[in-house]
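1. Let me see the structure of the following:
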Amino acid sequence: MERTARLKKSLLQRIEESYVDYSLIFVTLFLLAFGLIMLYSTSSYDANLEKGDAAYYFKHQLIPTALGLVTMIFMSYFPYRFLQKLTVPIYLLAAILLIMIIPFGRTVNGAKRWIYIGGISIQPAEVAKVAAIVFTATIIIKLKGNLMTLKGYGVALLFPLILSLMVYKITRNLSSAVIILGIAVIMLFIATPGYKRYILAALGIIAFVAVVIAIIVNSEDSSGMNYRFRRVLAWLDPNAYASDESFQTLQALYAIGSGGLFGKGLGESMQKMKLPEAQNDMIFSIICEELGLFGAISVMLMFIILIWRLMVIANNAPDMYGALLVIGVMGHIAIQVILNIAVVTNTIPNTGITLPFISYGGSAVIIQLAEIGIALNVARNIGRS
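-> Now for the predicted structure:
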């Protein structure tokens with residue numbers, strides 16, 4: 001009895017001593033709540049016309065959000081070091097799910113990127129992002145000093161590259177393929193000390209650009225036309241190259257321009273009636289229209305705070321593996337936010353990239369919250385040996 005009491009006391013003491021990053025939790029919950037509000041505001045018009053229920057998309061996002069929060073809490077207590085032992089199973093799971101799209105995938109809005117298991121929709125590309133983070137962190141730890149050689153860097157980049165190419169070849173999802181490869185490059189860059197990191201980073205960027213160019217050059221639709229090249233032309237001059245590729249971009253720019261300083265007011269957007277799938281990739285443009293420049297900057301500041309908190313956790317992580325996992329999560333969110341805003345503002349050619357925690361998408365929000373849970377778990381171990 002006395003021994004049991006001592007163990008309970010020790011456990012309670014450890015829980016009390018655990019570091020909890022309340023700032024990260026608050027920002028995450030704020031973005032989730034804000035995302036649900038904006039999702040309803042953005043999608044209510046189309047949902048009412050197409051589904052007969054203005055809250056259709058809002059209701060369908062609530063369940064994944066709740067599951068994501070449960071997953072976040074679970075992962076915040078799940079020992080992150082155990083992920084190192086699960087590296088190969090996680091990688092194989094991501095690869096198997098991607099392969100399952102070929103015979104079992106369902107096409108939604110012209111894209112075959114989802115599989116349904118027990119009535120639940122899963123987007124394997126999102127699982128592949130987590131697999132890339134866990135695998136890259138593990139292989140960096142395994143390689144240690146050999147990472148600073150060209151061979152070591154190539155080996156570390158090879159498996160994320162395979163996942164990236166699988167995502168593109170099977171789902172034709174260039175944006176997710178780019179994000180997976182970008183996560184690996186960021187993690188390898190930060191893990192490489194001294195001047196060698198710049199040499200290896202340059203090689204990584206060259207390989208990255210070569211892969212993207214090869215994909216663009218070999219992107220033909222059923223008519224034999226290079227649709228990605230058409231998107232590049234539409235990006236260079238949306239008005240002169242008016243087409244299906246530029247329509248979404250033009251409507252997004254109209255929404256941003258009409259928002260002004262403080263916006264038209266929540267729910268008062270006019271462009272959401274014209275903008276295709278506004279609740280997905282282009283939701284940031286509706287934020288700009290309804291809440292104006294003030295709202296847009298506020299959202300960007302919240303993401304900056306989120307990334308800063310992840311950076312603080314990575315810098316204070318109890319070991320290299322924990323730091324690398326958080327860097328991977330930080331890289332994933334940062335890349336996706338930057339690319340989404342860049343697409344909406346026509347800074348880069350249009351490609352489907354969702355805004356983390358805000359855009360509509362069940363698999364994405366569950367995976368993103370699981371990653372935040374991993375970061376919180378690393379934070380809980382700060383100060384422990």
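
2. Now do the buried residues in stretch 146-165.
-> Leu147, Met148, Gly152, Tyr153, Ala156, Leu157, Phe159, Pro160, Leu161, Leu163, Ser164 (16 or more other CB atoms under 10 Å). Using the backbone N, CA and C atoms, a C-beta is placed for each residue, glycine as well.

3. where does this protein have its least confident helix or strand?
-> Ranking every helix and strand in the chain by mean pLDDT, DSSP states H and E puts helix 2-17 at the bottom, with a mean of 51.

4. how far does the next helix-or-strand element following that helix sit from the chain's center?
-> Once the chain leaves helix 2-17, the next helix or strand it forms, by DSSP states H and E, is helix 22-51. Chain-centre distance of helix 22-51: 16 Å, with CA atoms, centre = their mean, to the nearest Å.

5. who does helix 22-51 touch, helix- and strand-wise?
-> Applying 3 or more CB pairs under 8 Å, 6 or more residues apart in numbering; DSSP states H and E, one finds that helix 22-51 makes contact with helix 56-77, helix 283-315, helix 362-380.

6. got the angle for the second one vs helix 362-380?
-> Interaxial angle, helix 283-315 versus helix 362-380 (axes from the mean of the first three to the mean of the last three CA atoms, to 10 degrees): 30 degrees.

7. Mind listing what's buried along helix 283-315?
-> Buried, per 16+ other CB under 10 Å, within helix 283-315: 283-292, 295-296, 299, 302-303, 305-307, 309-310, 312-314.

8. and the angle from it to helix 22-51?
-> Going by the same axes, to 10 degrees, helix 283-315 makes 150 degrees with helix 22-51.

9. can you check the first one too?
-> Helix 56-77 and helix 22-51 meet at an angle of 150 degrees, taking the same axes, to 10 degrees as the criterion.

10. Relative to the whole chain's centre, how far out is the next helix or strand after helix 56-77?
-> Next helix or strand after helix 56-77 toward the C-terminus (DSSP H and E): helix 87-104. Put simply, helix 87-104 sits 18 Å off its chain's centre (CA atoms, centre = their mean).

11. for helix 87-104, packing partners?
-> strand 111-117, helix 124-143, helix 150-171.

12. Dump those to CSV, plus distance to Gln279 and mean pLDDT.
-> Compiled in CSV, the helices and strands packed on helix 87-104 are given as follows (distance: least, CB to CB, whole Å; pLDDT from 0 to 100):
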stretch, distance to Gln279, mean pLDDT
strand 111-117, 16, 79
helix 124-143, 17, 93
helix 150-171, 20, 85
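
13. Between the ones you listed, which one is closest to Thr65.
-> Of all those, it is helix 124-143 that lies closest to Thr65, at 14.5 Å by CB to CB.

14. Low-confidence stretches in the protein?
-> Within the chain, the segments meeting pLDDT under 70 span 1-18, 109-110, 118-119, 145, 194-201, 203-205, 207-245, 384-385.

15. hmm, try it at 50
-> 7, 9, 11-16, 222-224 (pLDDT under 50).

16. Contact partners for the residue lying closest to Tyr321 once chain neighbours are set aside?
-> Take Tyr321 and drop its neighbours on the chain: the residue closest to it by CB to CB, 6 or more residues apart in numbering is Ile141, 5.4 Å away. Residues in contact with Ile141, defined by CB atoms under 8 Å, 6 or more residues apart in numbering, are Gln84, Met320, Tyr321, Leu324.

17. Now for the last one, which secondary structure element holds it?
-> For Leu324, the element it lies in under DSSP H and E is helix 320-344.

18. Could you tell me the angle between that helix and helix 124-143?
-> Going by the same axes, to 10 degrees, helix 320-344 makes 140 degrees with helix 124-143.

19. Could you pull out the buried residues of helix 320-344?
-> Buried-residue list, helix 320-344, by 16+ other CB under 10 Å: 321-337, 339-341, 343-344.

20. what's near enough to touch Ser164?
-> Per CB under 8 Å, 6+ apart, neighbours of Ser164: Ala132, Ala177, Val178, Ile180, Leu181, Val211.
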